[in-house]
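Asker: here is a sequence together with a model predicted from it:
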Amino acid sequence: MEKTNRCIGKPHFLKSKIPSGENVGILSQKLKSLNLHTVCEEAKCPNRHECWDNKTATMMILGGICTRGCRFCNVQTGNPHQIIDQSEIDSAIKLVETMNLNFIVITSVDRDDLADYGANHFAKVVQAIKNKYPKVLVEVLIPDFNNCESSMQVLANSGPFVIAHNIETVESLTPNVRDKRASYQKSLQVLKFYHSHYPLITTKSSIMLGLGETKEEIIQTMKDLKQVGVDILTLGQYLMPSKKSIQVNKYYEPSEFEELKQIAYQLNFKFVAAGPLVRSSYRASDYMKYLEADHVAK
């Protein structure tokens with residue numbers, strides 16, 4: 001019988017207290033006073049103090065309503081009616097200024113209601129940051145843009161330092177975990193496109209663990225990602241964001257994450273972050289020195 005989170009208690013290493021140190025509190029209040037928002041804060045990420053100390057933060061654009069309904073996600077699903085908030089461009093600049101960032105991750109909901117799937121707005125935000133702060137590195141965590149090459153080109157031509165797109169889970173679980181408009185092969189095609197057409201841009205993807213996948217499936221997914229040219233991989237524990245979300249099948253031990261991390265390095269990923277609390281954008285700035293050297297070498 002399949003185990004679920006109803007009969008599996010969270011292990012001790014997932015019960016860490018969300019940090020509320022003085023610096024985090026002061027910065028949180030400052031962001032609120034300026035009506036600025038980070039995914040780190042809104043998701044109550046337990047790692048945010050580490051990222052903020054490293055001058056890194058994540059911002060979501062294109063609103064808060066997603067046109068897709070993946071079962072692992074707690075973002076509101078609906079129809080945004082083609083509305084785009086242009087003030088997000090200025091907000092991104094203010095976020096960099098207020099937090100004194102040297103690395104920012106820009107992510108978004110899916111916007112299937114837009115002809116370009118939101119790519120042009122994404123590009124405007126990236127370019128605005130680069131124009132104002134050319135030394136700030138921008139990572140984008142993007143939807144699949146429905147595998148539309150013209151939209152993918154628009155995003156890439158804005159010049160992000162890293163393009164991330166998450167495969168999310170293994171192939172066998174994808175139909176049950178992700179929205180029907182997403183697919184395992186579509187995600188691989190998106191990542192392959194960027195690696196093939198924009199080799200100077202680093203590519204990245206992430207796998208959630210604990211949804212019922214086998215070790216063999218995890219390794220095969222890593223191989224598939226490497227086959228299409230992914231440079232950076234993150235592995236993290238899936239946690240239910242709401243009672244309506246898909247349930248946890250297994251909690252992985254830190255030692256299991258470490259083993260998978262070593263396997264990923266054996267597969268020649270350039271950088272791997274793995275652990276129970278690791279998320280897609282976890283301490284993205286940790287990659288900076290390596291990526292800067294690799295970027296110059298290319």
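Answerer: Yep, it's here.
Asker: need the contact list for the residue nearest to residue 251 when sequence neighbours are not counted.
Answerer: Using Cβ to Cβ, 6 or more residues apart in numbering and skipping residues adjacent in sequence, the residue nearest residue 251 is residue 11, 5.2 Å away. No exception for glycine: its C-beta is placed from N, CA and C like everyone else's. Under the criterion of Cβ atoms under 8 Å, 6 or more residues apart in numbering, the contact list for residue 11 reads 251, 253, 276.
Asker: for the stretch 151-298 of the chain, what spans make up the strands?
Answerer: Under the criterion DSSP state E, counting those that start in this stretch, the stretch 151-298 of the chain contains strands at 162-164, 202-209, 232-237, 271-275.
Asker: same question for the stretch 1-150 of the chain.
Answerer: For the stretch 1-150 of the chain, the strands defined by DSSP E, counting those that start in this stretch cover 56-61, 65-66, 76-77, 103-108, 137-141.
Asker: got TSV for those, with mean neighbour count and mean pLDDT too?
Answerer: Output for these, formatted as TSV (neighbours: other Cβ atoms under 10 Å; pLDDT from 0 to 100):
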stretch	mean neighbour count	mean pLDDT
strand 56-61	24	90
strand 65-66	19	94
strand 76-77	14	92
strand 103-108	24	93
strand 137-141	24	95
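Asker: please verify my assumption that residue 168 contacts residue 174.
Answerer: Yes. Here residue 168 reaches residue 174: they are 7.3 Å apart, a contact under Cβ atoms under 8 Å.
Asker: which neighbours do the two have in common?
Answerer: Counting by Cβ under 8 Å, 6+ apart, the residues touching both residue 168 and residue 174 are residue 182.
Asker: wait, what's in contact with the spatially closest residue to residue 195 that is not a sequence neighbour?
Answerer: Counting by Cβ to Cβ, 6+ apart, the nearest residue to residue 195 once its immediate chain neighbours are dropped is residue 229, at 2.9 Å. Taking Cβ under 8 Å, 6+ apart, we find residue 229 in contact with 191-192, 194-196, 203.
Asker: quick one: least confident helix or strand in the chain?
Answerer: Counting by mean pLDDT, DSSP states H and E, the chain has its least confident helix or strand at helix 288-297, which shows a mean of 57.
Asker: hmm, back to that, and the residue nearest to residue 195, how far from residue 40?
Answerer: Note on residue 229: its distance to residue 40, by Cβ to Cβ, to the nearest Å, is 29 Å.
Asker: now do residue 94
Answerer: In terms of Cβ to Cβ, residue 94 sits 16 Å off from residue 40.
Asker: of these two, who's got more company?
Answerer: residue 40 (25 against 15; other Cβ atoms under 10 Å).
Asker: that one against residue 51, yeah?
Answerer: Yes. Because the distance of 6.2 Å satisfies Cβ under 8 Å, residue 40 is recorded as touching residue 51.
Asker: list residues touching both of those two?
Answerer: Overlap of the contact sets of residue 40 and residue 51 (by Cβ under 8 Å, 6+ apart) consists of 57-58.
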